[in-house]
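1. okay, here's the prediction I keep looking at, along with the sequence it came from:
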Amino acid sequence: MVKKRKVVLPPELPPDVAEEEVEVSDEDLQFLTENRDYAGLFRKLDTKSITKHVTRIANQKEDDIEKLYEKRSKKKLLEKDNVKDELEVDPVDVLPVKTLDGKLYYKTAPKKNETKNIEDVTEDKDDGIQGSVVKLTKAEKRAKMKKSRKEAKKQAKEPVKTEDDVQENPQAEVLAEMKEELSAEDIYARKKSRLAELGMALLADPESNIKFLKEMLQMCKDGDESIVKMALQSLLVVFKDIIPGYRIRLPTEKELEMNVSKAVKKMRFYETTLLSSYKVYLQKLVALEKKSSFQDVIVRCMCNLLEAVPHFNFRGNLLAAVVNNISSTNDIIRKHCRTAIKSLFTDEGKHGGEATVEAVHLIADHVKIHDCQLPPDSIEVFLSLSFAEDLGKPQAPELEETVKNKGKKAKKEDRKKEKASNKKRSRKDLLDNSREEVDDDLKATFAPDALERRRMQSETLSAVFQTYFRVLKHSMRPTTDRSTMHNSHIHGRFGTHPLLAPCLNGLGKFSHLIDLDYMGDLMNCLKMLASGGGDSESSPASYLTVSERLRCCIVAFKVMRTNLDALNVDLQEFFVQLYNLILEYRPDRDQGEVLAEVLKIMLCEGRQHDMQRAAAFIKRLATSSLFFGSAEAMAALVTLRELLQKNAKCRNLLENDAGGGSVSGSLAKYQPCVTDPNQSGALASVLWELSLLSKHYHPAISTAASSILSINTANQVYLATTSPEQAFADLSIEQESFGSAKQNRKRKHTSKSFILDDTEVTQYSGDKEDLQKRFSDHFIVLRGIAENERLRRELSHTVSSIKFYEEYKNQKKKKKGVSKERGQNK
Amino acid sequence: MRALDENETTAVFEKLFKFTGNNLKNIIEKPSHEGPDKTPGRYCFRLQKNRVYYVSEALVKRATNISREKLISLGTCIGKFTKGGKFHLTVQALNLLADNARHKVWLKPTSEMSFLYGNHVLKGGLGRITENTNVGDGVVVFSMSDVPLGFGVAAKSTQDCRKLDPNGIVVLHQSDIGEYLRMEDDL
């Protein structure tokens, strides 16, 4: 058969229907789709021809090819009309499928043919159709066609002739079913493939096919939501691809009046169409955005567009929509918007920085309108802004340049005057002059670039800081008037001051860019916030959380540190705040990382401290590390050691005699409750906490405490971790594993006193083998308990089933008794 | 020796307040452990021959035994009233102020000597300054190792200090511990 096929195939290659195929128009297609019955008729005829053809081939066996040709041509002539109709199925498809018998199959035709040929295959075909429903792109369609071709081949190979007669009736039934099934799906699939075709055509040659955009836009108005979504998405892809790398400027009327070449006309038409359809598309997006079912798709489209073509027209509208959505309650939408805007900020090359300015302004306005009640994401995006610091420098040379230019111009004018007076100037000179002018023009077009960027940057910065200050000021306001605000959902999720944390982060990051003039105000704000937020101390609701207040301290120090290398300012107030905040800190409620960072920035990195203050902090840290969790305690201890190493006088605290004598100054007594560290008189106290901490259940802490205790005798104190942040991170990771073990131990010693437990635990940690042994014992016991429980469950189960059975028996007996009674009664 | 009258008290307290702010309370309420009494007494201000002394109550009681002409000094002298009726702090008040100072300035080691000779503190000699110092505030001057050196009045706020050139005056000199040598007779 294979041979036969080979023999048969070649003559069929040039299909005589090729011309008709070209002529087939959309109308025909429509006709076919509208009048299915006609198509059915043709199909019937068609199958006959196919089957006949196949049988003929089978019968012919090794006959000469010429005869075959003759027969075929005759048949073709007879069936030509039918074939023509059959071929009118899908004219847009350029590549038909050709089966063995030389028929050209188009998208819809082969399906039906095959379903008729063999009933068994219908199911497969169904699958194929179903599969095609999902497909969209041309490539996939092609793949589908390949598949169908393969199947067609398969069918051709199979001996169909015998089944032929039997099939006639079932064929009709199956067809009817198929038609019903397909009608809905088919329309859907058709629309989809239409979309794909349009999209492909647009991508292949946007200039000539630009009118398809309108058709695609039409499909956006479809009743079917999924079609609309698909249309929107495919339009997105198309726009992303065909939008040029420049901004389109529509020709003015004057320009339109002018006579232009054909190419320019074409280009203009292309651009105007593109622009108008883009506009319509955006309008559609904005209009549909309100519908909740579309929101996700729409936002994704907009974000994608913003990322891909931030330079193009209507950027403002797009930006506004995206910025509006950044405060959405939906996490996913927010995330999309955030990434879009971040990408806008990070690659400014695409749009030259203008979009950044616009976006920042929009966000600033957004924050203003919503009275700072937005999810933190909206400000977090500012963190990805980047400001070139060296932009400030080129200004100076530029100025010089402009001065030079001016000089040149002046010279030029002089020269012109000269020229006027001296007309004998050579032509060459004139040329030189004009060249110079052109050069100047060139410079003028390029020079403002840096200046422009500088201007934009300063604009952006001012907007950013304006927002930051607004948030700060807002956080300082008492909450009383805010409690009635409508957007309480944001309160619930992000605390009363959702924007404060990102705002503080941003201030920390851009602190080096703040103008010195604002510094005083900023510091005052931060001071207020650190002291508990706002002037109205009476209302406890206005209090910020401890972490937020600690953050304020951090930011203040960062701002100071980055700005003031020249002047070393002592932030007394913030130390006072920190001194009190350490006591307010609760290990589980507040963020330990922030505490560790504060300790590092304020106490470890600070260059110098008052002796009194250092002593007060040492004392307080030691006291609080008694009730902190182990990670925080470790951070505190590292800081404490740092302080002790820096302030040699404070080591008096480690001596055993209370009352620091002359060192303690005028304050003879330690007052733990004083708010000002300078007034605490900590030098008069003793660090007894350390010896308690050296019995801490956590081995790392106990070793750290004991090494600090020996700081006076051993000059070099060795601790593995150097910064409180690192110490905190290390221990908090360790805690994960340590915590479970700790719990087990505690459970074991519930009967004993807590202190006993602690000491024992420390003993264990010293002896690993012992620990392991005890653990294994413990787990054996645990396993035993589990086994016991299992057995008991089984037992109760069997007991209950036995009971059940007995009950059943009893009931049976009763029934029997009843029936007997009945029998007797009868 | 007598207690201060109302005007004098306000003058003294206003001056002290410039340096210590709210810590003035600590100066007044500071308990004294002098004398045989078990319960700690208080400190009070006494005027003797135009000079104001910061004295514990126990000492005041004992000093009453000495006649006004014969009494040269008692407790800690913190300042004196000028002929015009103004109150000036003297260097002996330094410890009291240093313990309760609100605004501090730390000097670089190189400029310590200059200050101790009675010169003003220049920006170049400034090692560290408390945030938020305003013009006219009383400032206690420390060495970098936290030894109080003297006190003065801020000539520039912290903000302005940043833009100041290195030769600008930051703190106007009022008194320094060099006076113990230079003005031994006056004290």
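-> On my side now, so go ahead. All values reported here derive from a predicted model rather than from experimental measurement.

2. in the chain, which helix has the most residues?
-> All of this refers to chain A. helix A:768-825 (DSSP state H).

3. wrong one, I was asking about chain B
-> Longest helix in chain B, counting by DSSP H: helix B:6-20.

4. related to what we said a few turns ago, report all helices and strands that the longest helix of chain A contacts.
-> Under the contact criterion of 3 or more C-beta pairs under 8 Å, 6 or more residues apart in numbering or on different chains; DSSP states H and E, helix A:768-825 touches helix A:724-748, helix A:754-766. Using the backbone N, CA and C atoms, a C-beta is placed for each residue, glycine as well.

5. can you list the buried residues in the longest helix of chain B?
-> For helix B:6-20, burial by neighbour count (16 or more other C-beta atoms under 10 Å in any protein chain shown) applies to B:8, B:11, B:12, B:13, B:15, B:16, B:17, B:18, B:19, B:20.

6. closest one of those residues to residue A:527?
-> Distance ranking of these against residue A:527, using C-beta to C-beta, places residue B:20 first at 19.7 Å.

7. check contacts around the closest one.
-> Shown in contact with residue B:20 (C-beta atoms under 8 Å, 6 or more residues apart in numbering or on different chains): B:26, B:27, B:97, B:100, B:101, B:102, B:138.

8. also residue A:363?
-> A:323, A:326, A:341, A:378, A:379, A:381, A:382, A:463, A:467.

9. for PyMOL, what selects the buried ones among the residues you listed?
-> Buried residues among the contacts of residue A:363 (16+ other C-beta under 10 Å), as a PyMOL selection:
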select buried, chain A and resi 323+326+341+378+379+381+382+463+467
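
10. just the helices in the stretch 501-650 of chain A please.
-> Assigned by DSSP state H, counting those that start in this stretch, the helices in the stretch 501-650 of chain A fall at A:516-530, A:546-563, A:572-584, A:592-598, A:611-625, A:630-646.

11. make that chain B, sorry
-> Going by DSSP H, chain B shows helices at B:6-20, B:24-29, B:57-63, B:94-100, B:109-116, B:158-163, B:179-182.

12. spit out the contact partners of residue A:266.
-> Residue A:266 makes contacts with residue A:207, as judged by C-beta under 8 Å, 6+ apart.

13. quick check: it is in a helix.
-> Yes. Under DSSP: H, G, I helix; E, B strand; the rest coil, residue A:266 sits within a helix.

14. and it, how close does it get to chain B?
-> Using C-beta to the nearest C-beta, to the nearest Å, residue A:266 is found at 63 Å from chain B.

15. and that residue, how far from residue A:277?
-> Per C-beta to C-beta, to the nearest Å, residue A:266 is found 17 Å from residue A:277.

16. about what we covered before: how distant is the longest helix of chain B from the center of its chain?
-> Its chain's C-alpha centre and that of helix B:6-20 lie 11 Å apart, by C-alpha atoms, centre = their mean, to the nearest Å.

17. so for that helix, mean pLDDT?
-> Looking at helix B:6-20 alone, the average pLDDT works out to 91.

18. re the thing from before, most tightly packed of the helices of chain B?
-> helix B:94-100 (a mean of 21; mean count of other C-beta atoms under 10 Å in any protein chain shown).

19. which one of the helices and strands packed on helix A:768-825 has the poorest average confidence?
-> helix A:754-766 (a mean of 45).

20. give me the nearest residue to the residue in chain A positioned nearest to chain B, chain neighbours excluded.
-> Closest contact between chain A and chain B, by C-beta to the nearest C-beta, is at residue A:568 (4.1 Å). Distances taken as C-beta to C-beta, 6 or more residues apart in numbering or on different chains place residue B:128 nearest to residue A:568, at 4.1 Å, with adjacent residues excluded.

21. residue A:286 now?
-> Using C-beta to C-beta, 6+ apart, the closest residue to residue A:286 is residue A:321 (5.9 Å).

22. so for the helix or strand hosting the one you found, mean pLDDT?
-> Per DSSP states H and E: residue A:321 is located in helix A:315-325. Average pLDDT, helix A:315-325: 80.

23. name the residues that touch that helix?
-> Identification of contacts with helix A:315-325 by C-beta under 8 Å, 6+ apart yields A:282, A:285-286, A:289, A:299, A:302-303, A:305-306, A:333-334, A:336-337, A:340-341, A:351, A:355, A:358-359, A:362-363, A:366.

24. hang on, the earlier thing: want to throw the buried residues of helix B:6-20 into CSV with distance to residue A:434?
-> Below are the buried residues of helix B:6-20 laid out as CSV (distance: C-beta to C-beta, whole Å):
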residue, distance to residue A:434
B:8, 88
B:11, 82
B:12, 84
B:13, 82
B:15, 78
B:16, 80
B:17, 77
B:18, 73
B:19, 75
B:20, 77
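
25. show the pLDDT at residue A:406.
-> Residue A:406 is assigned a pLDDT of 46 by the prediction.
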